[in-house]
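Asker: no sequence for this one, just the structure:
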């Protein structure tokens, strides 16, 4: 089922989604990869505030290539989500509404998704040039010294994703394999 969701994502929208839904996101999302996640964890460990609020926000695991002339961003494909698994449960507990990446997630992340009524989306790997066409603005907002791993604020229009893990813990990677095997 295709759905259009405005982001930041409301809890109501997040819990309405089911594994396998095709979703088009419009609004504001943030990018953060390994180094940014480590820095956010260090910030929390030091008792300081994060550079972005988590409540309802969406983090896209992506580090863009340089923007071409006249474009806000270069290729913008997803990176492997499991590299952020040691940080994701804490961010979900702080209110993170959704994550976008590719690949499987740990049981600890799945448990945190269910506990918080959140969702994990996948973007199509290898389609970064096409995905970048859905990004209308890009601005580094934190950790500029990390280069492509800095936290960016992105404005997106009809950004295509697929629900992989829904708020009930249903996992498309598992159900699709079972369905295929039949």
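Answerer: Looks like it arrived, so ask away. Nothing here was measured: the structure is a model prediction, and the numbers come from that model.
Asker: all helices for the protein, in order.
Answerer: For the chain, applying DSSP state H gives helices covering 11-16, 34-45, 88-93, 107-116, 128-132, 172-181.
Asker: Among these, which comes closest to residue 157?
Answerer: helix 128-132 (11.6 Å; CB to CB). C-betas here are computed from N, CA, C, even on glycine.
Asker: Report the mean per-residue pLDDT for the closest one.
Answerer: Helix 128-132 shows a mean pLDDT of 91.
Asker: what's the burial count for the residue nearest to residue 49 when sequence neighbours are not counted?
Answerer: Distances taken as CB to CB, 6 or more residues apart in numbering place residue 43 nearest to residue 49, at 7.5 Å, with adjacent residues excluded. Residue neighbour count, defined by other CB atoms under 10 Å, stands at 15 for residue 43.
Asker: got it, and residue 125?
Answerer: Using other CB under 10 Å, residue 125 has 14 other residues around it.
Asker: just residue 132 next, same as before
Answerer: Residues near residue 132, counting by other CB under 10 Å: 23.
Asker: quick one, strands of this structure?
Answerer: In the chain, the strands defined using DSSP state E lie at 2-7, 22-31, 58-60, 98-101, 119-122, 135-142, 151-165.
Asker: List the buried residues for the second one?
Answerer: Of the residues in strand 22-31, 23, 25, 26, 28, 29, 30, 31 count as buried by neighbour count, 16 or more other CB atoms under 10 Å.
Asker: quick check: mean pLDDT across that strand?
Answerer: Per-residue scores along strand 22-31 average to 98.
Asker: Quick check: which helices or strands does it pack against?
Answerer: Where contact means 3 or more CB pairs under 8 Å, 6 or more residues apart in numbering; DSSP states H and E, strand 22-31 is packed against strand 2-7, strand 58-60, strand 151-165.
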